[in-house]
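[1] Test case, fold it:
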Amino acid sequence: MRLLRRLLRLSLCLVLGAALGGILLYFYQVLSGPPLQPWHRWQSPAEYHAAAGRIGNLDDYRRLEERLFSQLATLGASLRPPASSRYAGGNPLTAPVDGNDWNRTVELRPDGEPRGAVLLLHGMSDAPYSLRALALDYRARGFHVLALRLPGHGTVPAGLLRVTWEEMATVVRLAVNSLRPSLTRGRPLFITGYSNGAALALHYTLAALQQEELPRPAGLVLISPAIAVTPAARYSRLLLWAGALPGLEQLAWLSLQPEYDPYKYNSFPVNAGYQVFLLSRAVQEGLRALESRGAMADFPPVLAIQSVVDDTVTAGAVIDRLMSHLRSGRDELVLFDINRDAAIIDLFAGTRLQPIQSLLEGPAGFRRTLLTNRYPDRPEVWALEWTAGSNRSGSRVLGLEWPRGIYSLSHVALPIPPDDPVYGIGSDDRPSLGRIELRGEQRLLQVPGSQLMRLRYNPFHDYMKGRIAAFVERLAEGG
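    Sure thing, here's the model as predicted:
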């Protein structure tokens, strides 16, 4: 017995020692990494959390936003950043697109009387630009469109060090309230959310089902919804505490990278991931409460769009945590499979090759569509479809195929069309992040090669846009 106790104590000491060693190694790697730059430290008094008590409507918020970007321009002029930086004047990547600054809140009105309103909510560390293509399409269909810049975004990554999901949710309410004039006479409200913006759309909808004074959405379009993140995110609070100590500020960051992307932060603070975790947990609690009251049928129809492989959200989580609980009878899920061409499939990690059909087979209360290879040795893509309540699939030829050299979509690719001037295939008169082709020795660049290889646009964007249009039009007409 005494020997057993000694072995247990020894095992415990070894485990604790290994854990402590791992923590110290992590601290060493972070603290010996890239130094903090001004854009990792700058805090503006014009950011929302510093002035929330004085903001009563979206007009107030946009005036504050104007002050914020004026201060940012002054900061950029004083920094003398490298020519590739988003803060460098004259960088061709940061040239305005279609006359709007898509790092800010953008409002688009149709030529005539609006048919209703659409609120667009971008993801964590993104900007309204990520949903620009859909914003233009919604306006062309006659909707009053508001692409909201969420607090902490579109400026410097340090803006995410202190932002909270509750602040974002409050600004979402201000945005919806500003759209009320376009919602009179029974005209519909639609919310399109991408990643963390999708979670904010769900959170607002849950609140609107309980508070009659809030306009209820007629439908939600959720792209790569951040419905669940890794449980390990809850422990990131420890890093937040450590990063607040003098000399340990780098621990407050999950990554520190050059800021060359004009509409998305490359550096990512711990707090940003922690807020996504807290918001997704709040959404899950809200869905469970709604289900326990037997009120899921009141939840508006949802169109969810997801890549089978996604470094942020899994397709299984979208099905298990969201779609399987919906009861409107008009809910839809669209999944984009990996390119299962036999010529490249041997290069994939084995865990990525599980057939996705197993998640879709069997009766379910929502329509399911999977875009996948029609043949194992060809790039042609077709749609396998399951209607709501059916376990039998049909198929539809789409006339689509995987472009050469692309083996999957990505979390950041879904909302971006191939002809996007910043993230798409690009053109000769403007550089594009979607066609970076750098070759050389490994470990030379500051940016990970995996990040440069990540697909930035969706080659099937037209199909996705068509599905969104059909979903919205059907609901707008009362279907």
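[2] Nearest spatial neighbour of the residue nearest the centre of the chain, chain-adjacent residues omitted?
    Centroid-nearest residue in the chain, with C-alpha atoms, centre = their mean: Ser195, separated by 2.6 Å. Using C-beta to C-beta, 6 or more residues apart in numbering and skipping the chain neighbours, the partner closest in space to Ser195 is Gly123 (3.1 Å). Every C-beta, even on glycine, is put in place using the N, C-alpha and C of the backbone.
[3] and that neighbour, how many neighbours?
    Counted with other C-beta atoms under 10 Å, the neighbours of Gly123 add up to 28.
[4] That one should be in a strand, yeah?
    No. Going by DSSP: H, G, I helix; E, B strand; the rest coil, the assignment for Gly123 is coil, not a strand.
[5] you'd agree it is up against Ser130?
    Yes. Shown here, Gly123 and Ser130 form a contact pair, counting by C-beta atoms under 8 Å, at 6.4 Å.
[6] overlap in contacts of these two?
    Common contact partners of Gly123 and Ser130 (C-beta atoms under 8 Å, 6 or more residues apart in numbering): Tyr194.
[7] contacting residues around the residue nearest to Ser195?
    Counting by C-beta under 8 Å, 6+ apart, Gly123 has contacts 130, 194-197, 224, 226.
[8] May I see those arranged in CSV, with distance to Ser328 and pLDDT as well?
    Shown next, in CSV, are the contacts of Gly123 (distance: C-beta to C-beta, whole Å; pLDDT from 0 to 100):
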residue, distance to Ser328, pLDDT
Ser130, 27, 98
Tyr194, 21, 98
Ser195, 23, 97
Asn196, 23, 98
Gly197, 21, 98
Ser224, 21, 96
Ala226, 21, 95
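[9] Could I get those residues in CSV, plus columns for distance to Leu414 and secondary structure?
    Formatted as CSV, the contacts of Gly123 follow (distance: C-beta to C-beta, whole Å; DSSP: H, G, I helix; E, B strand; the rest coil):
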residue, distance to Leu414, secondary structure
Ser130, 9, helix
Tyr194, 8, strand
Ser195, 9, coil
Asn196, 14, helix
Gly197, 12, helix
Ser224, 6, coil
Ala226, 13, coil
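[10] Of these, which is the most crowded?
    Neighbour max across these (other C-beta under 10 Å) = Gly197, 31 neighbours.
[11] If I look at the residue nearest to Ser195, what pLDDT would I see?
    Predicted confidence (pLDDT) for Gly123: 98.
[12] Now it. Its backbone dihedrals?
    Dihedral angles of Gly123 (phi, psi; degrees, to the nearest 10) stand at phi -90, psi 180.
[13] And Leu254, by the same measure?
    Given degrees, to the nearest 10, the pair of backbone angles that Leu254 has is phi -80, psi -30.
[14] what residues are up against the closest residue in space to it that isn't next to it in sequence?
    Closest residue to Leu254 apart from its sequence neighbours, by C-beta to C-beta, 6+ apart: Phe268 at 4.8 Å. When contacts are counted by C-beta under 8 Å, 6+ apart, Phe268 touches 125, 157, 160, 253-255.
[15] Pick the one among these closest to Val412.
    Proximity of the contacts of Phe268 to Val412 (C-beta to C-beta) peaks at Ser125, which lies at 10.0 Å.
[16] for the closest one, what are its contacts?
    With the criterion set at C-beta under 8 Å, 6+ apart, Ser125 makes contact with 153, 157, 160, 264-265, 268, 272.
[17] what does Leu475 give?
    188, 190, 218-219, 301, 330.
[18] Now intersect those with the strands, please.
    Within the contacts of Leu475, residues falling in strands by DSSP state E are 190, 219.
[19] pLDDT check: weakest of the contacts of Leu475?
    The member of the contacts of Leu475 with the lowest pLDDT is Arg330, at 95.
[20] what about the closest residue to it other than its chain neighbours, neighbour count?
    Excluding the flanking residues, the one nearest Arg330 by C-beta to C-beta, 6+ apart is Pro301, at 4.0 Å. By other C-beta under 10 Å, the residues close to Pro301 number 20.
[21] wouldn't Pro301 be in contact with Val221 here?
    No. At 9.8 Å, Pro301 does not count as touching Val221 under the criterion of C-beta under 8 Å.
[22] Spit out the residues that contact these two alike.
    Phe471.
[23] how about the helices of the stretch 1-150 of the chain, start to end?
    2-31, 48-51, 58-79, 132-140 (DSSP state H, counting those that start in this stretch).
[24] which of the ones you listed has the lowest average pLDDT?
    Looking at the helices of the stretch 1-150 of the chain, the weakest mean confidence is helix 2-31, a mean of 48.
[25] follow-up on the earlier one: any chance of the contacts of Gly123 in JSON lines, with distance to Val472 too?
    Formatted as JSON lines, the contacts of Gly123 follow (distance: C-beta to C-beta, whole Å):
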{"residue": "Ser130", "distance to Val472": "19"}
{"residue": "Tyr194", "distance to Val472": "16"}
{"residue": "Ser195", "distance to Val472": "20"}
{"residue": "Asn196", "distance to Val472": "22"}
{"residue": "Gly197", "distance to Val472": "17"}
{"residue": "Ser224", "distance to Val472": "18"}
{"residue": "Ala226", "distance to Val472": "22"}
